[in-house]
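S.K.: no sequence on hand, only this structure:
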């Protein structure tokens, strides 16, 4: 039982490049979330999903897209990376809205 | 939107000291989490509570629902307690938790 995994762990992008972050969970959770964590800002919700095939915008969705084609996977895409997207990205999943299990994080640098 | 405030933002203490971290929120909630994040590490939940008090080892969490306030206490602090402690509240909506900005704790030997 791996819990929540994130791929990759680290990435450096040039401005304008695109990439996809993968979150996978093996706990059969319905809810999945993508956050970014920046110094002094705390965790901010980018997008979330309440089940396979559904997605919704969070607090800071601009510049990101998501897909939940399979229940166990939640993908976060950056179509044209900007330096302002340099951050640590966390994925989380849960069975209910009362709790969340976090992945190990992805450290992204955009130069 | 629930506003979650933590204090202090940064705290440095000596090993053995009693530590208190506070969290207040603006809107009524279903439950509250205290989370721990070690440097460069992942985020784990220490407690979820909706009333009263919980204790796990040297950690104690309390919540006062009427006053919209929670505290996390660490007794006999140790350098391995050095981490960021994050308060998160459960509003009940599908968007899950609302987080405080965290308290960066350093325990010096």
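M.R.: Received, thanks. Just so it is clear, the structure is predicted and the values come from calculations on it, not from any experiment.
S.K.: chain B contacts on chain A?
M.R.: For chain A, the contact set with chain B under CB under 8 Å from any CB of the partner chain comprises A:31, A:33, A:40-45, A:48, A:50, A:56, A:58, A:90, A:92, A:94, A:97-100, A:102-105. From N, CA and C alone the C-beta is placed, and that goes for glycine too.
S.K.: can we see that at 7 Å?
M.R.: A:31, A:33, A:40-43, A:45, A:48, A:50, A:58, A:90, A:94, A:97-100, A:102-105 (CB under 7 Å from any CB of the partner chain).
S.K.: write the ChimeraX selection for whichever of the residues you listed are buried.
M.R.: Only the buried entries of these go into this ChimeraX selection, using 16 or more other CB atoms under 10 Å in any protein chain shown:
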select /A:31,33,42,43,45,48,50,58,90,94,97,99,100,102,103,105
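S.K.: just the ones of the residues of chain A next to chain B in strands?
M.R.: Using DSSP state E, the subset of these located in strands is A:31, A:33, A:42-43, A:45, A:48, A:90, A:94, A:102.
S.K.: show me the two of those that sit farthest apart.
M.R.: A:31 and A:42 (19.7 Å; CB to CB).
S.K.: which ones are touching residue B:81?
M.R.: Contacts of residue B:81 were listed using CB atoms under 7 Å, 6 or more residues apart in numbering or on different chains, and they are B:74, B:105, B:107.
S.K.: now with 8 Å, please.
M.R.: Shown in contact with residue B:81 (CB atoms under 8 Å, 6 or more residues apart in numbering or on different chains): B:19, B:58, B:74, B:105, B:107.
S.K.: how about stretch B:48-60: buried residues?
M.R.: By neighbour count on 16+ other CB under 10 Å, the buried set for stretch B:48-60 is B:48-49, B:59-60.
S.K.: got it, and stretch A:88-96?
M.R.: In terms of neighbour count (16+ other CB under 10 Å), stretch A:88-96 has its buried residues at A:89-94.
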